[in-house]
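[1] quick one: sequence plus predicted model below, questions after.
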Amino acid sequence: MGETNFKCFFLFSIAALCFLFLVQIFWIAEVAASSAKCPNVDVKVYAELKEDITFVCTAAEKTFSFLTKAGLNKRMPIEVYIVEKMKELPFGNLYLGKYERRLKRVTVLSYNTCRRHYKGSCFCGLRFCRKLHSSFVVHEIAHAIAHANFNTETHNIAAEEYIAYTTQLTLLPDDLRQEILTRIDNEGFCHEREITSLFHDLNPSIFAVKAYRHFSRPENGTEFYMKLIYGKCKLDEDD
């Protein structure tokens, strides 16, 4: 009897895995109505609308250019999926984007879905627009590039988020960035000990602004990236 139950459970598990595999294939096919390789960077984009591919490639090129100049030179191919649905978070919030490290894949909620979600009103107090949406793409691609440059000894989530957010805010148009800095009027991090994954999880927007203000100081900037990459400054560590 026990053997029969085990066989049934085993067969059910195989069937379930096959179903999940087919669902994943269907999902990828659904979002991959259009796909293209970006002309100047090793990024392939999958999206329903061709215009989204153009925006993603522009954002990817800006991100690669900025981080290459900053010293993050290691590269790997990246796939970017623009999708209509992502996991819902508590209180009706949505994931706007994510980088899946194991798959080396970026997923970003489409512009039209983001705009519908915010009902044409605001994001961080700003009216939602294409430039803000492009910054989400910048953020996730920066995650991918940062992850490729860290090694197992120097990598941690706080450092990766620091690079992603400071890249995102730096590459925003000046007027949008200034509006965000005005609306979220917090001082920058005063010490590396304050830059933690817990702080990020509790309030990503404030983390972003404090990180950018810290990054903007003459003594920090892209040199601080190098301290993170090479382990000269390790965040989230106890003294």
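    Looks like it came in fine.
[2] when you work out contacts or count neighbours from here on, use the C-alpha atoms and nothing else.
    Noted.
[3] got any ranges where the chain has weak pLDDT?
    1-33, 87-95, 118-125, 237-239 (pLDDT under 70).
[4] all strands for it, in order.
    Under the criterion DSSP state E, the chain contains strands at 34-37, 43-47, 78-83, 97-100, 105-109, 122-123, 126-127.
[5] chain center to the fourth one: distance?
    Distance of strand 97-100 from the chain centroid (Cα atoms, centre = their mean, to the nearest Å) equals 5 Å.
[6] contacts for it?
    Contact partners of strand 97-100, identified using Cα atoms under 8 Å, 6 or more residues apart in numbering, comprise Arg105, Val106, Thr107, Val108, Leu109, Phe136, Val137, Glu140, Ile141, His143, Ala144.
[7] distance of the closest residue to Asn156 other than its chain neighbours from Ser135?
    Closest residue to Asn156 in three dimensions, ignoring its sequence neighbours and counting by Cα to Cα, 6 or more residues apart in numbering: Leu235, at 7.3 Å. Computed as Cα to Cα, to the nearest Å, the Leu235 to Ser135 distance reads 24 Å.
[8] can you check Arg183 too?
    Per Cα to Cα, Arg183 is found 18 Å from Ser135.
[9] so these two - more neighbours on which side?
    Set Arg183 next to Ser135 and count neighbours by other Cα atoms under 10 Å: Ser135 wins out with 22 against 11.
[10] residues contacting the more buried one?
    Taking Cα under 8 Å, 6+ apart as the test, what Ser135 contacts is Ala59, Gln168, Leu169, Leu171, Leu172.
[11] which one of these is nearest His155?
    Of all the contacts of Ser135, Gln168 has the smallest distance to His155: 19.5 Å, by Cα to Cα.
[12] for stretch 107-114, which positions count as buried?
    Thr107, Val108, Leu109, Ser110, Tyr111, Cys114 (16 or more other Cα atoms under 10 Å).
[13] and which of these is nearest Leu72?
    Nearest member of the buried residues of stretch 107-114 to Leu72, counting by Cα to Cα, is Thr107, at 21.7 Å.
[14] still on that earlier bit, quick check, the residue nearest to Asn156 in contact with Ile195.
    Yes. Look at Leu235 against Ile195 with Cα atoms under 8 Å: they come within range, at 6.5 Å.
[15] which neighbours do the two share?
    Common neighbours of Leu235 and Ile195 (Cα under 8 Å, 6+ apart) are Ala158, Ala159.
[16] on that earlier part again, tell me the contacts of the residue nearest to Asn156?
    The neighbours of Leu235, taking Cα under 8 Å, 6+ apart as the test, are Asn156, Ala158, Ala159, Glu192, Arg193, Ile195, Thr196, Leu228.
[17] at 10 Å what do you get?
    In this structure, Leu235 makes contact with 154-160, 162, 192-197, 228, judged by Cα atoms under 10 Å, 6 or more residues apart in numbering.
[18] same question, Ser65
    Val41, Ala59, Leu72, Asn73.
[19] in this structure, which spans are helices?
    If DSSP state H is used as the criterion, the helices of the chain fall at 2-31, 50-69, 111-117, 130-149, 157-171, 174-183, 197-202, 204-215, 221-229.
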